[in-house]
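# curious how this folds, go ahead:
(2 chains)
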Number of protein chains: 2
Amino acid sequence: MQKINVKIPAYSKGSYTITIGAGFLPSVLSNIKKLLPKKELFLITDSNVAKTKHFKNLLGKEHLPRYVITPAGEKSKNIGTVTKIIEEMERKSLGRDCAVIALGGGTVGDIAGFVAAIYKRGVPVIQIPTTTVAQADSAIGGKTGVDSSISKNAFGIFKNPAAVFIDVSTLKTLDEKQFNAGLVESIKHSLIADEKYFVYLQKNLKGILERKCKLLEYIAVKNCKIKAAVVEDDPYEKNKRRILNYGHTIGHAVESASNYKLLHGQAVAIGIIAANIIEQKLGLDGKERLETLKKLFGKLNISLKIPKTITKRRILDIISRDKKALRKWPRFVLLQKTGKVLCKNGQFAIQIEREIVEETIDILLKQKF
Amino acid sequence: MQKINVKIPAYSKGSYTITIGAGFLPSVLSNIKKLLPKKELFLITDSNVAKTKHFKNLLGKEHLPRYVITPAGEKSKNIGTVTKIIEEMERKSLGRDCAVIALGGGTVGDIAGFVAAIYKRGVPVIQIPTTTVAQADSAIGGKTGVDSSISKNAFGIFKNPAAVFIDVSTLKTLDEKQFNAGLVESIKHSLIADEKYFVYLQKNLKGILERKCKLLEYIAVKNCKIKAAVVEDDPYEKNKRRILNYGHTIGHAVESASNYKLLHGQAVAIGIIAANIIEQKLGLDGKERLETLKKLFGKLNISLKIPKTITKRRILDIISRDKKALRKWPRFVLLQKTGKVLCKNGQFAIQIEREIVEETIDILLKQKF
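As a prediction, the model looks like this:
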């Protein structure tokens, strides 16, 4: 018997730049061309974004080969869409010397990032997020993926973008429900990392809802800085990065169980309430914050009601398959206090007794919080 | 406008071990458990391998959750199979704390490696190759992928295995056509890296075809050492790793155009002849080697005839989409002499004039070599 050792060389450190501003979309394509000279560009967007002026602002007179995801939204976030996009790229004879541009919300970014990661074993991707949820969260940090018929992001991979361009003026055309739901990720960032930011969001909510560019730019920068710091520390989610999943364990479950009728932000708001209930059951400080959160979500017109079709059993079934699960039981991210995540035995995701989780789901379903 | 820089930390170097021997399959599972304690194991194999004693030798009395790819072979190497496997893993509630074991030939290894790379953003994979082609080539080096309806490995990613176990006694049950075709990858390795090994293969062909374990172990070690050295140097195929694609540009094209009726090894043999014809047209030494190769492939009963249904136009169409293609025209790996790849302007894959490529395809189709 012989043994041969195959060395895997170190992957040298790198970086990418997030550019944040208002109204600079018309200059983005020339910036991409400078960044990736000689790359053939392929644009992925969806049927909603393709109708907006952002699409025209990005392209100008340029004609790029493209794929328009139809219908827009989580319903299309599956391997069938990925297959169609890859076959379109092949029909255009795009080689490994191409790059993908993602223009749109979280769904577009997740699909396009995953396509770029697996097309001919990998090509670069540029993220241009156009929604509150994508600008605050999904376009940064390299998580990509699509859903299976059983769970969210069952197919996926870590794929850092080559660059991110956040033009907050794209948020002006977003419908109110989407805009507001996306702000939940900003609230989540403040809860896990920065109490002052949590206060800022409460105080400036009126101006944010009026979509004042200065305020939108401020929160975009804040979100990116908080997320970047976490991601740099733990890019492959071995531990600390899990704090970004605050509110997402129950959140993903109700989102998936609703067949994506709940918007991601709305589902995460429910998940944040769930985490708060668990925190209180564990004797952590949370009662006052719960009242503040209920008020805040109320001002955002976000309903915390779980659709009647969703049963406790279904939620338990989905969370047992959560990506943070160990031995088929999920782990939860919890707050020690506003702005600080609980760390127990060095771990930021904590297994909670089944009884507490079940009681929490009961409280959520009965709206008794 | 503000810019935020997101650092991507260096990925520290690592390594994995290839264990090569004869008859040690019954001890492999306990080795895997030592290597990956606490991981839930999921086995991927195919309907051919599931019938063999290797399957029983690996598992003993253990029952592992599994997926049996049916039918075996390249026909199943598509995203539909990947989806079915991932949904089966989800039904078994496997979390990120699982690992995938691939038992089988190149198709099983490519599919299982890709599944492991994208399941919940990545879990480890252990490769246990059972064919000449997989032991010589596909199980080592981390290339994974599945075919689209348009081209080979259109979906794929680099995913290094956590370990590779090569038990050459598994080759004893392989049918003759598969066994012989797989030896073409050994011949390829000798051509690109080691003239003495090329001579060894010619001299010891009788014993190899009799599947003498000592000889099979020798060539397995030789293949792994040659491939490991190349892969360590250039893991993500930026340049030098392309030499492993010797014979694969035309090879992949005729394999794909035959709708996978040609075995991979047979297709690569045709591709090696194609490369030799181009080498001769460019004035490189190759005439004598062509005669040796024809004899060698003859002894392996490998037909160099391209099926009549395959046209020149179809081959040209497929090679324009080759993964090494630049501006929609493929690059070729060529030999300077036996055991040494031609390097031109620092590049190991070279663009060849369309006229020469077309003439070469004509010669192949008319069998005038």
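# what sits against the residue sitting nearest the centre point of chain A?
Centroid-nearest residue in chain A, with C-alpha atoms, centre = their mean: A:Ser138, separated by 3.2 Å. Contact analysis of A:Ser138 by C-beta atoms under 8 Å, 6 or more residues apart in numbering or on different chains lists A:Gly105, A:Gly106, A:Gly109, A:Asp110, A:Pro129. For the C-beta atoms, the positions are set from N, CA and C on the backbone; glycine is no exception.
# from the contact counts, what lies against the lengthiest helix in chain A?
In chain A, with assignment by DSSP state H, the single longest helix is helix A:213-233. Counting contacts by 3 or more C-beta pairs under 8 Å, 6 or more residues apart in numbering or on different chains; DSSP states H and E, helix A:213-233 packs against strand A:14-21, helix A:176-193, helix A:195-203, helix A:205-209, strand B:2-8.
# check the offset of the first one from the chain's centre.
Going back to what we said before, that points to strand A:14-21. Here the centre of strand A:14-21 is set off from its chain's centre by 17 Å, with C-alpha atoms, centre = their mean, to the nearest Å.
# just the CA atoms of it, as PDB, please.
C-alpha atoms of strand A:14-21 as PDB (Å, rounded to 0.1, in the frame of the first residue of the first chain):
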ATOM      1  CA  GLY A  14      -7.900  39.200  -2.200                       C
ATOM      2  CA  SER A  15     -10.600  41.800  -1.900                       C
ATOM      3  CA  TYR A  16     -13.400  43.400  -3.700                       C
ATOM      4  CA  THR A  17     -14.900  46.900  -3.600                       C
ATOM      5  CA  ILE A  18     -18.500  47.900  -2.800                       C
ATOM      6  CA  THR A  19     -19.200  51.300  -4.400                       C
ATOM      7  CA  ILE A  20     -22.200  53.100  -2.800                       C
ATOM      8  CA  GLY A  21     -23.900  56.200  -4.100                       C
END
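# what strands line up against that strand, and which way round?
Applying DSSP bridges to the sheet, strand A:14-21 is found paired with strand A:163-167 (parallel), strand B:2-8 (antiparallel).
# quick check: buried residues in that strand?
Buried positions in strand A:14-21, judged by neighbour count with 16 or more other C-beta atoms under 10 Å in any protein chain shown: A:Tyr16, A:Ile18, A:Thr19, A:Ile20, A:Gly21.
# over to the second one?
Residues of helix A:176-193 classed as buried: A:178-193 (neighbour count, 16+ other C-beta under 10 Å).
# farthest pair in those?
Distances among these were taken as C-beta to C-beta; the most separated pair is A:Gln178 and A:Ala193, at 24.1 Å.
# low-confidence stretches in the stretch 1-150 of chain A?
Flagging of the stretch 1-150 of chain A using pLDDT under 70 yields the residue ranges A:10-12.
# can you give me the helices for it?
In the stretch 1-150 of chain A, the segments counted as helices under DSSP state H, counting those that start in this stretch are A:28-35, A:53-59, A:79-91, A:106-118, A:132-133.
# now for the nearest residue to A:Ile356 once chain neighbours are set aside, how many residues are close by?
In space, and not counting its chain neighbours, A:Ile356 is closest to A:Lys281: 5.2 Å by C-beta to C-beta, 6 or more residues apart in numbering or on different chains. Neighbourhood size, A:Lys281 [other C-beta atoms under 10 Å in any protein chain shown]: 17.
# and A:Thr131, by the same measure?
28.
# for the nearest residue to it once chain neighbours are set aside, grab phi and psi.
Nearest residue to A:Thr131 in three dimensions, chain neighbours excluded: A:Gly105, at 3.7 Å (C-beta to C-beta, 6+ apart). Here is the backbone geometry of A:Gly105 (degrees, to the nearest 10): phi -90, psi -160.
# can you tell me which residues contact the residue of the stretch 251-369 of chain A found nearest chain B?
Closest residue of the stretch 251-369 of chain A to chain B, C-beta to the nearest C-beta: A:Ala325 (4.2 Å). Neighbour list for A:Ala325: A:Ile319, A:Arg331, B:Ser93, B:Gly95, B:Arg96, B:Asp97 [criterion: C-beta under 8 Å, 6+ apart].
# which of the buried residues of helix A:176-193 lies closest to chain B?
For those, the nearest to chain B is A:His189 (13.8 Å; C-beta to the nearest C-beta).
# and A:Lys295, how many residues sit next to it?
For A:Lys295, using other C-beta under 10 Å, the count is 12.
# now the angle from the helix or strand that it is a member of to helix A:195-203?
Element membership for A:Lys295, per DSSP states H and E: helix A:287-299. Interaxial angle, helix A:287-299 versus helix A:195-203 (axes from the mean of the first three to the mean of the last three C-alpha atoms, to 10 degrees): 40 degrees.
# okay, strands next: where are they in the stretch 251-369 of chain A?
Using DSSP state E, counting those that start in this stretch, the strands of the stretch 251-369 of chain A run over A:331-332, A:335-337, A:340-341, A:350-351.
# distance to chain B added to the ones you listed, as TSV?
Listed next are the strands of the stretch 251-369 of chain A as TSV, based on distance: least, C-beta to the nearest C-beta, whole Å:
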stretch	distance to chain B
strand A:331-332	10
strand A:335-337	23
strand A:340-341	20
strand A:350-351	12
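# and A:Ser186, what does it touch?
Counted by C-beta under 8 Å, 6+ apart, A:Ser186 has contacts A:Thr132, A:Ala136, A:Leu201, A:Ile219, A:Lys222, A:Asn223.
# how far away is it from A:Gly251?
15 Å (C-beta to C-beta, to the nearest Å).
# hang on, the earlier thing: turn the contacts of A:Ser138 into JSON lines, including neighbour count.
Formatted as JSON lines, those follow (neighbours: other C-beta atoms under 10 Å in any protein chain shown):
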{"residue": "A:Gly105", "neighbour count": "29"}
{"residue": "A:Gly106", "neighbour count": "24"}
{"residue": "A:Gly109", "neighbour count": "30"}
{"residue": "A:Asp110", "neighbour count": "25"}
{"residue": "A:Pro129", "neighbour count": "29"}
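# now, which of the residues you listed sits nearest chain B?
Among the contacts of A:Ser138, and counting by C-beta to the nearest C-beta, the member closest to chain B is A:Asp110, at 11.5 Å.
# what mean pLDDT does stretch A:298-313 get?
Averaged over stretch A:298-313, pLDDT sits at 96.
# now the two most distant members of the contacts of A:Ser138.
The distance between the two most remote of these (C-beta to C-beta) is 10.8 Å, for A:Asp110 and A:Pro129.
# contacting residues for the residue nearest to A:Gln336 when sequence neighbours are not counted?
Spatially, and ignoring its direct neighbours in sequence, A:Gln336 is nearest to A:Leu342 (4.3 Å; C-beta to C-beta, 6+ apart). Going by C-beta under 8 Å, 6+ apart, A:Leu342 touches A:Glu279, A:Leu284, A:Val333, A:Leu334, A:Leu335, A:Gln336, A:Phe348, A:Ile350.
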